[in-house]
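In: coordinates only, sequence not included:
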């Protein structure tokens, strides 16, 4: 019976970052996965009618990044002091800005319109966002392969997950940023992460 | 003793939460306000070409929420332990969702009207839900004491009211929360003296 219960759908989506934090920490948790048809009857149990929700010590926490940051702090993956945590948060927010930018294209239901939106995103928008991440790793990374302070943090896990989405949409999307590619490789060769990735359900998103 | 320099436009916008945190903490800082004409020359000198930027101990931090959370933690306004800090963050993220959902000024009038008359209330309801879940029966969002969640709602609430003066009429808990914030002596002093700006 774990003290941590994560409620989310049976796909990666907004729940995967928390799952990656648990994996990196080697922490067991109840990974409660809902199929879409189970959601309507469970929606009202969640504080904001949304998931993911983390249950910890009788408290329910909504909001995916809040959950991931809470877990990262529990397991010393958030940055070693307040200033490092702020650097991690700055990277996390910059990754979130990238996700906000590609999401309309990614989720566009009309196939023709989706192709146009994706083309525009990759041609006009992606570069600035990746450049921003590159700037921050140069500022905060102490010359190492991780975004902040020469060790794995939430920032690397979030970029790992987001990079997967980018590469799924365009396999060449990171070609101009070798450090970012290398950063993802560093994450996926961490033994606990490698194990988790090998065993997790294979979902399209 | 760290020194703090906050750089932003001459307006409330994305920096006011940090200014409120400094005020609540009684902490001095350099409050650099950039006029629009000065911005193009300054922009390439900022890490991401955006503001606000906080300079502390020789480190430059972009991203308004990251800055505010750092300051709140420095001055014990972030929640007393990791779980309380997460409850505060959940409120912050929920306010951020409202900003994301708020139609841009360039949107058509029908969309803006629908948001103000229908959608905004649902978002405000979510905030009241969290205040009642985490507030331990008090007037503050989390744990019966002032945190940056209250300060953030204070500044957000001003924006709401300026757009729709009656938006909090059905949300007495939220109204009371704002009243509690503005009667904190250091906040009252700050609100009285801060520059009056259009945003």
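Out: Okay, I see it. On a predicted model such as this, the values are computed, not experimentally measured, just so you know.

In: Shouldn't residue A:32 be within a strand?
Out: Yes: under DSSP: H, G, I helix; E, B strand; the rest coil, residue A:32 sits within a strand.

In: Residue A:8 is in contact with that one, correct?
Out: Yes: taking contacts as CB atoms under 8 Å, residue A:32 lies within contact range of residue A:8: 7.4 Å. C-betas here are computed from N, CA, C, even on glycine.

In: of those two, who's got more company?
Out: residue A:8 (22 against 16; other CB atoms under 10 Å in any protein chain shown).

In: ok, and the closest non-adjacent residue to the more buried one?
Out: Nearest residue to residue A:8, sequence neighbours excluded (CB to CB, 6 or more residues apart in numbering or on different chains): residue A:15, at 3.1 Å.

In: didn't the one you found look like it was pressed against residue A:52?
Out: Yes: between residue A:15 and residue A:52 there is a contact under CB under 8 Å: 4.4 Å.

In: ok, residues contacting the lowest-mean-pLDDT helix or strand in chain B?
Out: Ranking every helix and strand in chain B by mean pLDDT, DSSP states H and E puts helix B:109-114 at the bottom, with a mean of 94. Contacting residues not belonging to helix B:109-114 are listed as residue B:103 [CB atoms under 8 Å, 6 or more residues apart in numbering or on different chains].

In: buried stuff in that helix?
Out: residue B:112 (16 or more other CB atoms under 10 Å in any protein chain shown).

In: how close does the closest residue to residue A:177 other than its chain neighbours sit to residue A:189?
Out: Spatially, and ignoring its direct neighbours in sequence, residue A:177 is nearest to residue A:130 (5.1 Å; CB to CB, 6+ apart). Distance, residue A:130 to residue A:189, using CB to CB, to the nearest Å: 22 Å.

In: Tell me which of the two has more neighbours.
Out: residue A:130 (19 against 9).

In: just to revisit the earlier point, what's the overlap in contacts for residue A:15 and residue A:52?
Out: The contact lists of residue A:15 and residue A:52 share A:6, A:8, A:64, where a contact means CB under 8 Å, 6+ apart.

In: pretty sure the last one contacts residue A:15?
Out: To tie it back to what came earlier, the one meant is residue A:64. Yes: Residue A:64 is within contact range of residue A:15, at 7.0 Å (criterion: CB under 8 Å).

In: which one of the two has more residues nearby?
Out: residue A:15 (25 against 22).

In: and the more buried one, what does it touch?
Out: Counting by CB under 8 Å, 6+ apart, the residues that residue A:15 touches are A:6, A:8-9, A:51-52, A:64.

In: From residue A:67, how far off is it?
Out: 9 Å.

In: anything in contact with each of those two?
Out: A:6, A:52.

In: Quick check: closest non-adjacent residue to residue B:26.
Out: residue B:186 (5.5 Å).

In: my read: that neighbour touches residue B:27, true?
Out: No: judged on CB under 8 Å, residue B:186 makes no contact with residue B:27 at a distance of 9.9 Å.

In: Please parse chain B into its domains.
Out: Each domain of chain B is listed here as a residue range: B:4-75+B:186-193, B:82-183, per the TED database.
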